[in-house]
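Asks: Predicted structure and sequence below. I'll ask about it afterward.
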Amino acid sequence: MPKYLGVYTTACLTRRQLENLVKQLMTGEGDVRCEKAYASIVAGKLICVFSATSKEAMDDYQKQNGLVPEHFWRIDLETMDGELTSVEVGKTSQSS
């Protein structure tokens, strides 16, 4: 599945609200899965890595969860065992 990276402003959220949001994102099911989340209370930012079936699925997911991305990218390449490889190829080689 394609991967996406989203950066969101969370400056108005308390720590508890941020924890609840991340928990909600991590337990979601369907066409989108939040794989990892990083948060900075000081900077007021949340950075998430998602797997999704499509950009449209990601757009719907963000709307459903009240996420308005400050930045949002599809991830095409990632490192695997020290080498830069296609996200799709990387997933295929792991399951073989």
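Replies: Received, thanks. Numbers count the residues shown, from 1 in each chain.
Asks: Could you use CA atoms for every contact and neighbour count after this?
Replies: OK.
Asks: quick one, what contacts I47?
Replies: With contact taken as Cα atoms under 8 Å, 6 or more residues apart in numbering, I47 is in contact with L5, G6, V7, Y8, A37, Y38, A39.
Asks: cutoff 6 Å now
Replies: By Cα atoms under 6 Å, 6 or more residues apart in numbering, the residues touching I47 are G6, V7, A37, Y38.
Asks: Let me know the closest of the residues you listed to T85.
Replies: G6 (20.5 Å; Cα to Cα).
Asks: Now do the SS call for the nearest residue to that closest one once chain neighbours are set aside.
Replies: Nearest residue to G6, sequence neighbours excluded (Cα to Cα, 6 or more residues apart in numbering): F72, at 4.5 Å. Per DSSP: H, G, I helix; E, B strand; the rest coil, the local secondary structure of F72 is strand.
Asks: At which residues are the strands of this protein located?
Replies: Remark: strands assigned in the chain by DSSP state E are 3-9, 32-40, 45-52, 69-75, 77-80, 83-86.
Asks: Please identify which of the contacts of I47 is nearest to Q64.
Replies: Nearest to Q64, judged by Cα to Cα, of these is G6 at 14.9 Å.
Asks: hmm, back to that, taking the contacts of I47, please make a PyMOL selection of just the buried ones.
Replies: A single PyMOL command suffices to select whichever of these are buried according to 16 or more other Cα atoms under 10 Å:
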select buried, resi 6+7+37
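Asks: Show me the longest helix that occurs in this protein.
Replies: The longest helix of the chain (DSSP state H) is helix 15-26.
Asks: what sits up against that helix?
Replies: Contacts of helix 15-26 (Cα under 6 Å, 6+ apart): C34.
Asks: mind checking how far it is from the chain centre?
Replies: Distance of helix 15-26 from its chain centroid, counting by Cα atoms, centre = their mean, to the nearest Å, is 13 Å.
Asks: got the contact list for the closest residue to P69 other than its chain neighbours?
Replies: Setting aside the residues directly before and after it, P69 is nearest to Y8 in space (Cα to Cα, 6+ apart), at 5.0 Å. Each residue near Y8 by Cα under 6 Å, 6+ apart is listed here: K45, L46, P69, E70.
Asks: Quickly list what Y8 is bridged to.
Replies: L46, P69 (DSSP bridges).
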